[in-house]
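> what would the 3D arrangement of this be:
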Amino acid sequence: MSRYRGPRLRVTRRLGDLPGLTRKTPRRAYPPGQHGQARKKKSEYAIRLEEKQKLRFNYGLSEKQLLRYVKKARRITGSTGQVLLQLLEMRLDNTVFRLGMAPTIPAARQLVNHGHVTVNGRPVSIASYQCRPGEEIGVRDRDRSRKLVEANLQYPGLANIPSHLEFDKAKMSAKVNGVIQREWVALQVNELLVVEYYSRLV
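Modelled structure (predicted):
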């Protein structure tokens, strides 16, 4: 299944707050659809599926991509759920979003794809690029790129910059000092349920 391009508020109504997907807040507090207000009790499978969908839609991944990240997280030592979240949070598009250079992750992905972002002084146009500790993330030295980021910095998607990132607004450059800690992940998700969901596939 390809990346979701439909109405975003419909997704947030069904899954709850997804800070990376949209800044808008839904007017109705119940899920969409004819039976939105009269939902039955969720099964164990439905609960796990919902947690998995939160990750997919928040980070803008396809099913295939998320499965690949789960397989990669299982190979790395440590808690699979936490490693999975770290892999997703350290993506370049998400890092650009967390720095406030873009209002949402889809907007950050567009910024990266169009070549406005640099890593260690070189333009990188791959949104899934894994940022590593010690790397510098900046804005390309072009008027158009700087104006775009300046406009976005006035209304950042999330107010707080995580502790593993160091950002200099004047120079429009940031440094990755480490790997993100679990408490700095903005998305409310139970990563263990996601790992359980994929345990029968991996």
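> could you find the closest non-adjacent residue to the residue most central in space within the chain?
The centroid of the chain falls nearest to residue 59 when counting by C-alpha atoms, centre = their mean (3.5 Å). Distances taken as C-beta to C-beta, 6 or more residues apart in numbering put residue 88 closest to residue 59, at 5.0 Å, once the chain neighbours are dropped. Where you see a C-beta, it was placed from the backbone N, CA and C, and this is true even at glycine.
> which residues does the one you found contact?
Taking C-beta atoms under 8 Å, 6 or more residues apart in numbering, we find residue 88 in contact with 55, 59, 61, 69, 94.
> nearest to residue 166 among the residues you listed?
residue 94 (16.5 Å; C-beta to C-beta).
> please report how far the closest one lies from residue 137.
Separation of residue 94 from residue 137 (C-beta to C-beta, to the nearest Å): 11 Å.
> what residues of the lowest-mean-pLDDT helix or strand in the chain count as buried?
Counting by mean pLDDT, DSSP states H and E, the chain has its least confident helix or strand at helix 8-15, which shows a mean of 78. For helix 8-15, burial by neighbour count (16 or more other C-beta atoms under 10 Å) applies to 8, 11, 12, 13, 14, 15.
> name the helices or strands packed onto the next helix or strand after it?
Downstream of helix 8-15, the next assigned helix or strand under DSSP states H and E is helix 44-59. Judged by 3 or more C-beta pairs under 8 Å, 6 or more residues apart in numbering; DSSP states H and E, helix 44-59 is in contact with helix 8-15, helix 63-75, helix 80-89, helix 191-198.
> what residues of helix 44-59 count as buried?
48, 50, 51, 52, 53, 54, 55, 56, 57, 58, 59.
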